[in-house]
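In: below: sequence and its predicted model.
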Amino acid sequence: SSAASDVYKRQAIIQVSGEWIKTASQVPVESNEPVREWILGTDVRGTGHIVGSRAICLVPSEHCAQFAIRVEGVLESDTVGYNGPARIYSHSRTPFVAQKMIQFGPEGLEIKPAFCDASAHTDIQDVDVTCRSRCVEKIAWRRTWQQKPAAEQEAAWKAERRIARRVDSEAESRLAEAQSQYLKKIRQLLVERDLFPDLFAATTNTENFQLTLRQLGHSGLSAATSPPPAPNGDIVVRIHQTFFNNFVEGFFGGMILNEERFQDVVRNLLGKLPEELQPDPGEEPWTIRFSDQRPLAVWFADNRVSIEFRGATYWKGDRSYPGMDVKVVYGIEAKQPEGRLQLVRVGGLSVFPPGFDPSKDRLSVRHQTIRRLLERRFEKIFRETIEFQPIELQDDWAKGGPLEVKSIACQDGWLVVAMARGD
């Protein structure tokens, strides 16, 4: 039946361009390292200088998302080789490519050892002998030239091992921290609440990383329509209203949440508390018990976003108030003359008790009191216009920004947002 097939529909698809990932993650690499190797019976000592670049690249895979930390560069080395009375002075140039494979799936990251391919080219600058014998010096020169191809091959092999170890050591701590954060802040949190998506498919191809999700939740509702085509963009998010509603109901349904705890959650997510959520000076703290069903619900249709917030009970200080629903509708418009997209509120806030009919029902005094309090608070949150400002990225990903919202569409329950790097 069609109802049964709806269960298998996708609800959220996130696509990230491989070209954007590579550009955003690319950084120069430059370092010095001591060289101490034993090559064909010669004790080689000196210094090496690496110059190159590092970036994250996509590796096509249908079973999980695969990425490669790819380091390309050249190792320039000045060394002295000690072999009996001979001293061999040389300069070598070793182009290399190193890769460290990373897989990503529902369990997080699986990290593979790095491997490297290198080719050494040596310029023998001088051969000297400590015994000052021209005969011994000629023999030393002749043996050095005879062993040069084999020495270059072994030098390349040992350079590969050194570079691979270096790539591993530089990446391991960051990858381990990323895995720890994913397990603690995402997977474990959702598993404990029985909210981890029942479909979690991460894949990569030559062009995109894609994460496909389905969250049936306790209601079992899924998308009744297939996702719309993805527009062009560095990051494209297609999300169905049932994904959001099922997730929020499972997380917040029936929960009692006070203002302090809510602010802590927001700070942890955003790094700061937005101005809209700052309490007024001297205002008593609030507490809310969310409705069991659809505590916060959205609808996406006709290029409008409808939002409904449902509280079963409110507290202001030690005074309790009955349940109220807050509804707001936004339309999508382009701000002139810049053309930057924004959400524009359609009408005012609707703040009424559940099932209230304004044409025939009347509000009690307590309803009127909590209504005024909610209107004042939610007017700060659901402003008349919400502009999409460019998103500045930090640290290693700074080159991927600023990200600008290039298109937004709402139709048939789907919200589609495309972002791209600005000029």
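Out: Structure's in. What do you need? Numbers count the residues shown, from 1 in each chain.
In: helices of the stretch 1-150 of the chain, residue ranges please.
Out: Counting by DSSP state H, counting those that start in this stretch, the stretch 1-150 of the chain has helices at residues 2-6, 18-25, 134-182.
In: cool, and the stretch 301-423 of the chain?
Out: Along the stretch 301-423 of the chain, counting by DSSP H, counting those that start in this stretch, helices occupy 365-381.
In: that older thread, out of the helices of the stretch 1-150 of the chain, deepest packed?
Out: The highest mean neighbour count among these, using mean count of other CB atoms under 10 Å, belongs to helix 18-25: a mean of 18. In short, each C-beta sits where N, CA and C put it, glycine included.
In: need the helices of the stretch 1-150 of the chain in CSV with distance to residue 374 and mean pLDDT, can you?
Out: As requested, the helices of the stretch 1-150 of the chain are arranged in CSV below (distance: least, CB to CB, whole Å; pLDDT from 0 to 100):
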stretch, distance to residue 374, mean pLDDT
helix 2-6, 35, 44
helix 18-25, 41, 94
helix 134-182, 35, 86
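In: looking at the ones you listed, which is nearest to residue 397?
Out: Residue 397 lies closest to helix 18-25 among the helices of the stretch 1-150 of the chain, at 5.0 Å (CB to CB).
In: other residues contacting the closest one?
Out: For helix 18-25, contacts defined as CB atoms under 8 Å, 6 or more residues apart in numbering pick out 54-58, 67, 204, 206-209, 234-235, 393, 396-397, 399-401, 421.
In: buried subset of those as a ChimeraX selection?
Out: Under the burial definition 16 or more other CB atoms under 10 Å, those of the contacts of helix 18-25 that qualify are selected in ChimeraX by:
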select :54,55,56,57,58,67,204,208,209,234,235,400,401,421
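In: among the contacts of helix 18-25, which ones are in strands?
Out: Mapping the contacts of helix 18-25 onto strands (DSSP state E) picks out 54, 55, 56, 57, 58, 67, 204, 208, 209, 235, 421.
In: pretty sure the fourth one contacts residue 68?
Out: Yes. Counting by CB atoms under 8 Å, a contact exists between residue 57 and residue 68, whose distance comes to 4.9 Å.
In: okay, now the unreliable bits of the stretch 201-350 of the chain?
Out: Counting by pLDDT under 70, the stretch 201-350 of the chain contains low-confidence residues at 266, 269-271, 273, 336-338.
In: how does it look with 90?
Out: Scanning the stretch 201-350 of the chain with the threshold set as pLDDT under 90 gives 215-226, 247-288, 293-294, 314-324, 333-342, 347-348.
In: how about the contacts made by residue 415?
Out: Residue 415 neighbours (CB under 8 Å, 6+ apart): 237, 238, 239, 240, 241, 298, 300, 305, 408, 409.
In: quick one, phi psi at the fifth one?
Out: Going back to what we said before, that points to residue 241. In terms of degrees, to the nearest 10, the main-chain angles of residue 241 are phi -60, psi -30.
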